[in-house]
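A.B. asks: Kindly return the folded structure for what I paste below:
(one chain, ligands or ions: 2)
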Amino acid sequence: MKKITEICCIGAGYVGGPTMSVIANQCPEINVTVVDINQQRIDDWNNTNLENLPIYEPGLKEIVAKNRNKNLFFSTEVDKAIDKAQMIFISVNTPTKTYGKGKGQAADLKYIELCARTIAEVAKDDKIVVEKSTLPVRTAQAIKSILDNTGKGVHFEILSNPEFLAEGTAIDDLINADRVLIGGNDSPTGQEAKDALSQVYENWIPKEKILQTNVWSSELSKLVANAFLAQRVSSINAISALCEKTDANVQEVSKAIGFDSRIGPKFLQASVGFGGSCFQKDILNLVYIARSYGLAEVADYWEQVIIMNDYQKRRFAENIVNTLYNTVSGKKIAMYGWAFKKDTNDTRESAAIYVADALLEEKAEIVVYDPKVSEDQIYADLDYLGSRSSSLTRELLKVVDDPIKATEQAHAVAIMTEWDEFKTFDWVKIFENMLKPAFLFDGRRLLETQKMEDIGFKYYKIGQS
Ligand SMILES: NC(=O)c1ccc[n+]([C@@H]2O[C@H](COP(=O)([O-])OP(=O)(O)OC[C@H]3O[C@@H](n4cnc5c(N)ncnc54)[C@H](O)[C@@H]3O)[C@@H](O)[C@H]2O)c1
Ligand SMILES: O=c1ccn([C@@H]2O[C@H](COP(=O)(O)OP(=O)(O)O[C@H]3O[C@H](CO)[C@@H](O)[C@H](O)[C@H]3O)[C@@H](O)[C@H]2O)c(=O)[nH]1
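C.D. replies: Ligands and ions are numbered 1, 2, ... in the order given. Down below sits the predicted model:
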């Protein structure tokens, strides 16, 4: 088997960028070129000021600084990189379809297909093509059929190698991965390709953590892993609503059930609802696939995870309105956090977007502070929903970089993201800034109840009466 020394990755996003940076870091003898059609993104990856990388991830800038322009390259020269590579990762976006058949549920594979067509056009010698993007079961077959019909006699081997990193902990997840999954054919060339990819990972991942399966199991496992994780969050969030009606405390319930080794303690943190680019998209895709095979009960079962998540976001916004005497019209509400979780600048499907939208619908005046998300991104997220004119959104919602000043004359503060710095804020000063009664809605269970009540806040913590 030929050793892999040239890798190309199509897509320099939240997965392509960090994943390839780590491969370059762990495999000095492999040249890694990450390509993208988005010139701005590539310019940002090449920016000499590492604070301006397009993605914020703890530990990322150090790895980029160490390897960039040595064996890690960012470029828009897609064809050149494909031509040179022995192994091509496809790491482009696969959003939920917004049109046509499967609208609102199926994954949109147009970017994947375009990549396959480009590879088919450019490749002059045999290539291993690796699906890194999250794809519906049996996508590899579609890619193979595009690649095999070029008439150039080039042999393509398709592998599925889904990524399991979570944003905010991407570098650690990549370096200390729980497992690496490689799906491929059992034919001799398929086995050779699986082993070639396995050897890349073996540079730092223990061999027993590298699993080989058939392509379909690998593609499906990615959707199922996300569905199980999101299901845990929806399960505990469902219980948080019950806790708020009783004297139970969701944190105590999480701890009590998490001590059962069969359940385990992770992913039982009640919240304002899960966000991120993956959970909702991948579950909707699973639901779509199940329904398309006539498995209505299976589809309904998993769809409930999304329904519960929508309920949790809505419930949080409604509680703010109800508590503020059934109207927030003209009332100033400071929102702390816009990212879908801490330690990332990613806002895709963030609960904050939907809560803000619901409050704007009630004519609230919102002031947002997030340490890593830009004003442009916040407005773009709301404009994308299309609930109102962008001028009205800009009139009602302001983005600030002084979190304490944001609370002057505010009726309420809502914590949307669990950024660590929020815990260190001067909450006495914030209380003094605000109108009284001063309401504090904690969607992340970040602060201590007794401390906040002692300061004088009317404090509402998700999952606690
Ligand atoms: N974000 C995550 O945490 C995460 C984790 C695991 C898996 N995934 C999956 O990985 C895939 C990528 O996700 P992401 O978050 O990195 O997306 P992203 O939107 O951040 O990045 C995708 C990039 O691909 C580029 N692109 C699209 N079409 C292209 C083409 N034809 N040629 C070159 N570049 C092209 C886009 O310009 C964009 O920069 C998705 O399938 C996603 O489900 C994401
Ligand atoms: O107990 C918990 C755990 C998570 N969340 C929320 O759930 C969302 C998703 O969090 P997380 O899974 O940590 O981040 P992602 O980057 O979305 O990562 C998920 O989605 C990726 C994309 O497919 C997968 O690769 C990862 O394995 C999977 O964890 C966030 O809004 C979290 O705040 C909770 O509310 N409570």
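A.B. asks: For the residue lying closest to residue 201 once chain neighbours are set aside, name its beta-bridge partners.
C.D. replies: Among residues not flanking residue 201 along the chain, residue 180 sits closest, at 4.9 Å (C-beta to C-beta, 6 or more residues apart in numbering). The C-beta positions use only the backbone N, C-alpha and C, and glycine is treated the same way. Beta-bridge pairing of residue 180 under DSSP bridges involves residue 210.
A.B. asks: Determine how far the worst-scoring helix or strand of the chain on mean pLDDT lies from the middle of the whole chain.
C.D. replies: For the chain, the helix or strand with the lowest mean confidence is helix 139-147, at a mean of 87 (criterion: mean pLDDT, DSSP states H and E). Mean-position distance between helix 139-147 and its chain equals 26 Å (C-alpha atoms, centre = their mean, to the nearest Å).
A.B. asks: residues contacting the residue nearest to residue 201?
C.D. replies: Residue 180 makes contact with 161, 198, 201, 205, 209-211 under the criterion C-beta atoms under 8 Å, 6 or more residues apart in numbering.
A.B. asks: Redo those as JSON lines? Include neighbour count, distance to ligand 1 and pLDDT.
C.D. replies: What follows is those, written out as JSON lines (neighbours: other C-beta atoms under 10 Å; distance: C-beta to the nearest ligand atom, whole Å; pLDDT from 0 to 100):
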{"residue": "161", "neighbour count": "23", "distance to ligand 1": "11", "pLDDT": "97"}
{"residue": "198", "neighbour count": "19", "distance to ligand 1": "19", "pLDDT": "98"}
{"residue": "201", "neighbour count": "19", "distance to ligand 1": "16", "pLDDT": "98"}
{"residue": "205", "neighbour count": "19", "distance to ligand 1": "16", "pLDDT": "98"}
{"residue": "209", "neighbour count": "14", "distance to ligand 1": "17", "pLDDT": "98"}
{"residue": "210", "neighbour count": "19", "distance to ligand 1": "17", "pLDDT": "98"}
{"residue": "211", "neighbour count": "14", "distance to ligand 1": "16", "pLDDT": "98"}
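A.B. asks: tell me the two of those residues that are most distant?
C.D. replies: Largest separation among the contacts of residue 180 by C-beta to C-beta: 161 and 209, giving 13.5 Å.
A.B. asks: where do the helices sit along the stretch 51-200 of the chain?
C.D. replies: 60-67, 78-84, 110-122, 139-147, 170-175, 188-201 (DSSP state H, counting those that start in this stretch).
A.B. asks: Please export the alpha-carbon coordinates of the fourth one; CSV is fine.
C.D. replies: Included here for helix 139-147 are C-alpha records, laid out as CSV according to Å, rounded to 0.1, in the frame of the first residue of the first chain:
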residue,chain,number,x,y,z
THR,A,139,-24.7,8.9,-0.4
ALA,A,140,-21.4,7.2,-1.1
GLN,A,141,-23.2,5.3,-3.8
ALA,A,142,-24.3,8.6,-5.5
ILE,A,143,-20.8,10.0,-5.3
LYS,A,144,-19.3,6.8,-6.7
SER,A,145,-21.7,6.8,-9.6
ILE,A,146,-20.7,10.4,-10.6
LEU,A,147,-17.0,9.6,-10.2
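A.B. asks: Would you agree residue 5 is in contact with residue 29?
C.D. replies: Yes: the criterion here is C-beta atoms under 8 Å, and residue 5 meets it with residue 29 at 6.3 Å.
A.B. asks: Which one's more surrounded, these two?
C.D. replies: Here residue 5 and residue 29 are compared on neighbour count by other C-beta atoms under 10 Å; more neighbours surround residue 5, at 13 against 9.
A.B. asks: coming back round to it: okay if I get the helices of the stretch 51-200 of the chain as TSV plus distance to residue 456?
C.D. replies: Rendered in TSV, the data for the helices of the stretch 51-200 of the chain read as follows (distance: least, C-beta to C-beta, whole Å):
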stretch	distance to residue 456
helix 60-67	41
helix 78-84	58
helix 110-122	52
helix 139-147	56
helix 170-175	39
helix 188-201	54
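A.B. asks: Out of those, which one sits most buried?
C.D. replies: For these, the largest average neighbour count (mean count of other C-beta atoms under 10 Å) is found in helix 170-175, namely a mean of 20.
A.B. asks: for that helix, packing partners?
C.D. replies: Of the remaining helices and strands, those touching helix 170-175 by 3 or more C-beta pairs under 8 Å, 6 or more residues apart in numbering; DSSP states H and E are helix 16-26, helix 60-67.
A.B. asks: and that helix, C-alpha only, in PDB?
C.D. replies: Only the C-alpha atoms of helix 170-175 are listed here, as PDB (Å, rounded to 0.1, in the frame of the first residue of the first chain):
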ATOM      1  CA  ALA A 170     -12.800  20.600  18.700                       C
ATOM      2  CA  ILE A 171      -9.000  20.400  19.100                       C
ATOM      3  CA  ASP A 172      -9.100  18.300  22.200                       C
ATOM      4  CA  ASP A 173     -11.800  16.100  20.600                       C
ATOM      5  CA  LEU A 174      -9.700  15.600  17.500                       C
ATOM      6  CA  ILE A 175      -6.500  14.800  19.400                       C
END
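A.B. asks: Identify all contacting residues around stretch 367-387.
C.D. replies: Stretch 367-387 is contacted by residues 56, 332-339, 344-345, 347, 350, 352-353, 356-357, 360-361, 390, 393-394, 397-403, 406, 410, 417, 419, 421 when judged by C-beta under 8 Å, 6+ apart.
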